[in-house]
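>>> give me a model of this one.
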Amino acid sequence: MKKPAEFADLGEVIVVSEVFQLNTFQTVSYLEKGIMEVFKDREAFFEKYGDKDDYEELEDWCELSTGKIFTKVKQ
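I've put the predicted structure just below:
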């Protein structure tokens, strides 16, 4: 189980929860289980998923003003 505090602060969790229309508990749980991923920047995101127009393997994703990218994989 991953520890969300190691890669996302509380403010980011709250913002991402709003974007993905989840409560903060769900967001933290998804981060712990690997259903949500956090990338420190676009380069890290592109390294895993590539630079393309459509990401079919993702349910949703968002980029914060901090440059971090949060993804939610399809279940």
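>>> phi and psi next, for the closest residue to residue 63 other than its chain neighbours.
Take residue 63 and drop its neighbours on the chain: the residue closest to it by C-beta to C-beta, 6 or more residues apart in numbering is residue 69, 4.9 Å away. Quick note: C-beta positions are derived from backbone N, CA and C, even for glycine. Main-chain torsions, residue 69, degrees, to the nearest 10: phi -120, psi 130.
>>> per-residue pLDDT, residue 69?
Per-residue confidence (pLDDT) for residue 69: 97.
>>> residue contacts, it?
With contact taken as C-beta atoms under 8 Å, 6 or more residues apart in numbering, residue 69 is in contact with 38, 39, 41, 42, 44, 45, 61, 62, 63.
>>> farthest-apart pair in those residues, please.
Distances among those were taken as C-beta to C-beta; the most separated pair is 44 and 62, at 14.8 Å.
>>> nearest to residue 22, out of the contacts of residue 69: which one, please.
residue 62 (11.9 Å).
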